[in-house]
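Participant: Generate coordinates for the sequence data below:
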Amino acid sequence: MSWISPKFHYSGGSDPEISVDIVKLGRNGRLTLPRSVMKRLHLQGDDILLLDISDDGVIQLRPAAVLPIEVSASERIAEFERECEVDEDTRAAARQAVDTANG
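Facilitator: Numbering: from 1, shown residues only. Just a heads-up that it's a prediction; the model follows:
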């Protein structure tokens, strides 16, 4: 939670001036994002982020989407399969329609 400086400006050679946010890593490994960064990225507390470290040591944080998934029991899977069963007449009619559409 401790900040060195909210903004650091530098200019390198032919590059235009670049403004970056500086954060400090806490003793327990916690990193606090500046409120301006959270607002810019539409982040809120408890959002999930993906952390990636490149071979050259660049750290990237990206917002992650966490979506619920349904884990189905065997009985529920069997129910889905029963609901999807097609009788032979319907299957033959579908094949005929596909064959007719394909010429």
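Participant: can you list contacts of the lengthiest helix in the chain?
Facilitator: Using DSSP state H, we find that the single longest helix of the chain is helix 88-102. With contacts defined as CB atoms under 8 Å, 6 or more residues apart in numbering, helix 88-102 is touched by Val86. Every residue, glycine included, has its C-beta placed from N, CA and C.
Participant: For it, what is the distance to the chain centroid?
Facilitator: Centroid separation for helix 88-102 versus its chain: 41 Å, with CA atoms, centre = their mean, to the nearest Å.
Participant: quick one: average pLDDT of it?
Facilitator: For helix 88-102, mean pLDDT rounds to 91.
Participant: C-alpha coordinates for that helix, CSV please?
Facilitator: In CSV, the C-alpha atoms belonging to helix 88-102 read as follows (Å, rounded to 0.1, in the frame of the first residue of the first chain):
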residue,chain,number,x,y,z
GLU,A,88,-34.5,-43.2,-37.4
ASP,A,89,-37.2,-41.6,-39.5
THR,A,90,-36.2,-38.1,-38.4
ARG,A,91,-32.5,-38.9,-39.0
ALA,A,92,-33.3,-40.2,-42.6
ALA,A,93,-35.4,-37.1,-43.3
ALA,A,94,-32.5,-34.9,-42.1
ARG,A,95,-30.0,-36.8,-44.3
GLN,A,96,-32.4,-36.4,-47.3
ALA,A,97,-32.7,-32.6,-46.7
VAL,A,98,-28.9,-32.3,-46.5
ASP,A,99,-28.4,-34.3,-49.7
THR,A,100,-31.1,-32.2,-51.5
ALA,A,101,-29.5,-29.0,-50.3
ASN,A,102,-26.0,-30.1,-51.5
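Participant: Could I get the full set of strands for the protein?
Facilitator: 8-10, 18-20, 49-53, 59-63 (DSSP state E).
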